[in-house]
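Asker: sequence? don't have it. structure:
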Ligand SMILES: [Zn+2]
């Protein structure tokens, strides 16, 4: 792939001076192609000990594209559970892109109660379940009971549960 | 007929409106930050509003294949409230965002010294951030307001081709035409400007630098009046290409000066239609 000079320069500037990431992260959407993962590369250029601070700051001040980039980058970043509040924020929205991104591999830090409700919300608003990381291992009886109750409501209204949710119920012992 | 509404306050409109707009040919909109009817009392109230213009609203528009961009500013009316003025310090960070294509709405409401200052400061921000500017003109004392607006624009040093002076009418169009600024016209159901009057203005002043918008918001307004204006143009003998120029290519050219306008099909950006939480009635 061709080197993107804008991105190469931006990565160097962030490594040199972390606050430079504020403007560069915002502008990366129009200076990089999606496959370049420009925003992830900017985050990885930060000194590791500053990552929790900047992830929070950039998410809080981010537009939808920046929020999405941060949620997507979380598993690749040197972080513990510090960014869990961002998942809670994303899961409160109705933006299916943010909800999906919040249920990637970093969602292992999400407690089981919050995770089950997030999966149920996906079923409810029609986010494809295949995008949820580690679904089969983590799905438990309580989740099955919640999805079954939703199925009963839907069927009472003459509506069907999405096929992927029906298949999930079949898989939970 | 493909339509780009260069000034519409979708925050105040329903999801059904998006459906009707898409069916009428609207494929792109610009939503300027403005007043919400109820005066705000603190900067946080603005940032939640700005965030919605850069987050939820583009998502909602995309469900209907409509591209949504925004302009960000402290509006002239609320620039008069000292509790709101700290917003000016928060605006620069918003002006770096991908979907922000201008600084606006700025300009005058009651022509106070506070408005003078906020107007000048925000024109300077537009220059700094290499963005066009969307300038609102007052509904009262409009002719005087437009003259004073043009003076401030000239003094700011911004290139006139990067400024649209909006809400014009038969009386005010001439002054703006001579400056090289773009001319915006808000078509309303009863007052201010109607499709037939708009057609007459296009006949006498030409199609160059002309922008037609619905300015639809929470007041008496109609998001389909752009379409009605296109139809009135055709009925009056303008060609399909003329209509396309006024309702699509002109706004693309004006906001394209930001370098950030994206009017490609919305389907390219990901899983927006499938699993949409709006179309499926989620909560
Ligand atoms: Zn307006």
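Answerer: All right, it came through fine. All values derive from a computational prediction rather than experimental measurement.

Asker: Over to residue 8. Which of the three states is it?
Answerer: Just so you know, I chose chain A. Assigned with DSSP: H, G, I helix; E, B strand; the rest coil, residue A:8 falls in the helix class.

Asker: Report whether stretch B:128-139 contacts chain A.
Answerer: No. If you take Cβ under 8 Å from any Cβ of the partner chain as the test, stretch B:128-139 misses chain A, and the best it gets is 10.0 Å. No exception for glycine: its C-beta is placed from N, CA and C like everyone else's.

Asker: just the helices in chain A please.
Answerer: A:5-16, A:21-31, A:38-44, A:51-60, A:64-73, A:84-92, A:96-102, A:112-125, A:135-138, A:141-156, A:163-171 (DSSP state H).

Asker: Tell me, how many residues neighbour the closest residue to chain B within chain A?
Answerer: Per Cβ to the nearest Cβ, residue A:125 is where chain A lies closest to chain B, at 3.3 Å. The number of residues packed near residue A:125 is 19, by other Cβ atoms under 10 Å in any protein chain shown.

Asker: how about TSV for the helices of chain A, with mean pLDDT added?
Answerer: Putting the helices of chain A into TSV (pLDDT from 0 to 100) gives the following:
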stretch	mean pLDDT
helix A:5-16	97
helix A:21-31	97
helix A:38-44	97
helix A:51-60	98
helix A:64-73	97
helix A:84-92	98
helix A:96-102	97
helix A:112-125	97
helix A:135-138	96
helix A:141-156	96
helix A:163-171	95
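
Asker: Adding distance to residue B:153, write the ones you listed out as CSV.
Answerer: Shown next, in CSV, are the helices of chain A (distance: least, Cβ to Cβ, whole Å):
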stretch, distance to residue B:153
helix A:5-16, 32
helix A:21-31, 26
helix A:38-44, 35
helix A:51-60, 34
helix A:64-73, 31
helix A:84-92, 40
helix A:96-102, 39
helix A:112-125, 46
helix A:135-138, 57
helix A:141-156, 57
helix A:163-171, 56
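
Asker: Put together a markdown table for those, with distance to the ion on each row.
Answerer: Listed next are the helices of chain A as a markdown table, based on distance: least, Cβ to the ion, whole Å:
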| stretch | distance to the ion |
| --- | --- |
| helix A:5-16 | 34 |
| helix A:21-31 | 25 |
| helix A:38-44 | 32 |
| helix A:51-60 | 28 |
| helix A:64-73 | 22 |
| helix A:84-92 | 29 |
| helix A:96-102 | 28 |
| helix A:112-125 | 32 |
| helix A:135-138 | 45 |
| helix A:141-156 | 42 |
| helix A:163-171 | 43 |
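
Asker: So for residue B:257, which of these sits nearest?
Answerer: Closest approach to residue B:257 among the helices of chain A is made by helix A:21-31 (13.8 Å; Cβ to Cβ).

Asker: residues from the stretch 101-250 of chain B in reach of the ion?
Answerer: Counting by Cβ under 5 Å from the ion, the residues of the stretch 101-250 of chain B close to the ion are residue B:215.

Asker: ok, which stretches of the stretch 101-250 of chain B are helices?
Answerer: In the stretch 101-250 of chain B, the helices defined using DSSP state H, counting those that start in this stretch lie at B:113-128, B:142-156, B:173-179, B:195-205, B:225-235, B:240-244, B:250-256.
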